[in-house]
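Chemist: Would you be able to build a 3D model of this:
(chains A, B, C and D)
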There are 2 protein chains.
Amino acid sequence: MDFAQADAVNQAIRLLALRHRARITALLAPLGLHPGQEALLLELARTGPMIQAKLSGALAVEPPSVTLMTRKLEAAGHVRRVPAPGDRRASVVELTEGGAALVERVKELWCGLAEETLAGVPDATAAELPALLRTLAGNVDARRGREG
Amino acid sequence: MDFAQADAVNQAIRLLALRHRARITALLAPLGLHPGQEALLLELARTGPMIQAKLSGALAVEPPSVTLMTRKLEAAGHVRRVPAPGDRRASVVELTEGGAALVERVKELWCGLAEETLAGVPDATAAELPALLRTLAGNVDARRGREG
DNA sequence: CGCATAACGTTATCCGCATAACCAACTCTA
DNA sequence: TAGAGTTGGTTATGCGGATAACGTTATGCG
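Modeler: So this is what the prediction gives:
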C-alpha cells in the first residue's frame, strides 16, 4: 500500500476520533461529565454492577484509568463502590439512583449524537458501519498476539 | 433512532479510536515519539514549514496543544522554530534534517498500520473508507454552526 | 500446608488535548 | 493616526489514558 492511501486512512481515523470526542465533550459538559465517563456509566447500565477489573476490560481501558474515573464519579455521587463478596481485594462498582437517572439523559444525547454523526450516510452503509468499525478495531487490537 | 443502534455506532467509534491510538503508541515508542506527534511531523512533511496557528488548524487541535508539542519536538531535535518574516508574533515551525529522516521511518509504520487496520476489509469498502470517515468527522465538527 | 505465582487495585508520573485567561502584535476603521 | 478589535502564542490547570512499581489478597501446586 502506498503512503498516500495509508495516510488517508490513518488521518481519517484520527480526525474522526478527535471530532467525535470533542462533540461528546460539548454534549456532556451540561451534565457535568467528561468524555470517557459516559462510557463507564453506560456500561454499568448495560451490564449491571461489576468489579473494576471487569470494567477495565469492558471499556478497553487500563485499570489505573478505571480507578481514577470511578473515584471522580463516586465523588460526584453517580456511582458507588461496595466491597466484593468473596474477594477482599476487589470492589464492585454500581450506579447510584442519581447515576441511573443521569444515564437516561446520557442515552438521549447518545441517540442525538449518532443521528448527527450519520447524517447524509446511506441507510445501508450506516447499518454496516458498527460492524465495519469493530473489524478495524479488532485488526489493530494490541492485545492480539502479533509482533508489536 | 433507538438507543441500541446509536450505542453501537458511538461505541464502535470510541473503540476504534482507542485501539488505533494504542497501536500508534506501540509503533511509535521505538522512535521515541508519542501519539499525536507523528501527526505534526507528517503535516510538516506534507505541507512544508508553517506558522503554529496554521498547524493548529491542520491538526484540528487547539493552539496550546501545538505549543507544548512543538516545544517537546524541538527539545528532541526533530523540529525547529524560527521567527516568522513580517509577523513578530508568529513563529514558523519546520522539520530539522533529523526530523525529516524520522518522518521517513514514520511513513513506513504508517503504511504498515493502514494495511493492518484494513485486513479482511473488501477493497471496494477500503477505498471508500477515508471519504466515509471524513463525512462522519465533518458531521460532528463542533466548529460547524450548530446549536451545541 | 506452605510457598510461588497470579490477579485486583492503587499511587506516581508522563503525554495529548481541552478551556480560561493573558500579553503582544497586527489590522481595520473612524 | 489613534483606538478597537482581532489574531498568534503562551501559561495554568484539569481530565482521560498509558506505563511502572507497589502492596494486598487469592489461588494453584508441590
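Chemist: When you work out contacts or count neighbours from here on, use the C-alpha atoms and nothing else.
Modeler: Fine.
Chemist: now chain A, which segments are flagged as low pLDDT?
Modeler: Chain A contains residues with pLDDT under 70 at A:142-148.
Chemist: Name the residue closest to the centre of it, please.
Modeler: In chain A, the residue lying closest to the centroid (CA atoms, centre = their mean) is A:Ala39, at 3.4 Å.
Chemist: Does stretch A:81-93 reach DNA strand D?
Modeler: Yes. If you take CA under 7 Å from any atom of the strand as the test, stretch A:81-93 does meet DNA strand D, through A:Gly86, A:Asp87, A:Arg88, A:Arg89.
Chemist: okay, that stretch in PDB with CA atoms only?
Modeler: Extracted C-alpha coordinates of stretch A:81-93, given in PDB (Å, rounded to 0.1, in the frame of the first residue of the first chain):
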ATOM      1  CA  ARG A  81     -18.200   1.200  45.400                       C
ATOM      2  CA  VAL A  82     -19.000  -1.700  47.600                       C
ATOM      3  CA  PRO A  83     -16.700  -4.500  48.800                       C
ATOM      4  CA  ALA A  84     -16.900  -7.500  46.600                       C
ATOM      5  CA  PRO A  85     -18.400 -10.600  48.300                       C
ATOM      6  CA  GLY A  86     -15.800 -13.300  48.500                       C
ATOM      7  CA  ASP A  87     -12.800 -11.300  47.400                       C
ATOM      8  CA  ARG A  88     -11.400  -8.700  49.700                       C
ATOM      9  CA  ARG A  89      -9.200  -7.200  47.000                       C
ATOM     10  CA  ALA A  90     -12.000  -6.300  44.700                       C
ATOM     11  CA  SER A  91     -14.700  -3.700  44.800                       C
ATOM     12  CA  VAL A  92     -17.900  -3.800  42.900                       C
ATOM     13  CA  VAL A  93     -18.900  -0.600  41.200                       C
END
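Chemist: what helices or strands is the longest helix along chain A leaning on?
Modeler: Secondary structure of chain A per DSSP state H: the longest helix is helix A:3-28. Under the contact criterion of 3 or more CA pairs under 8 Å, 6 or more residues apart in numbering or on different chains; DSSP states H and E, helix A:3-28 touches helix A:97-117, helix B:3-28, helix B:97-117, helix B:123-139.
Chemist: circling back to that earlier point, for the residue nearest to the centre of chain A, give its distance to A:Leu27.
Modeler: Using CA to CA, to the nearest Å, A:Ala39 is found at 14 Å from A:Leu27.
Chemist: next one: A:Ala131
Modeler: Relative to A:Leu27, A:Ala131 is positioned 25 Å away (CA to CA).
Chemist: And the two? Which one has more around it.
Modeler: Comparing A:Ala131 with A:Leu27 by other CA atoms under 10 Å in any protein chain shown, the one with more neighbours is A:Leu27, at 20 against 14.
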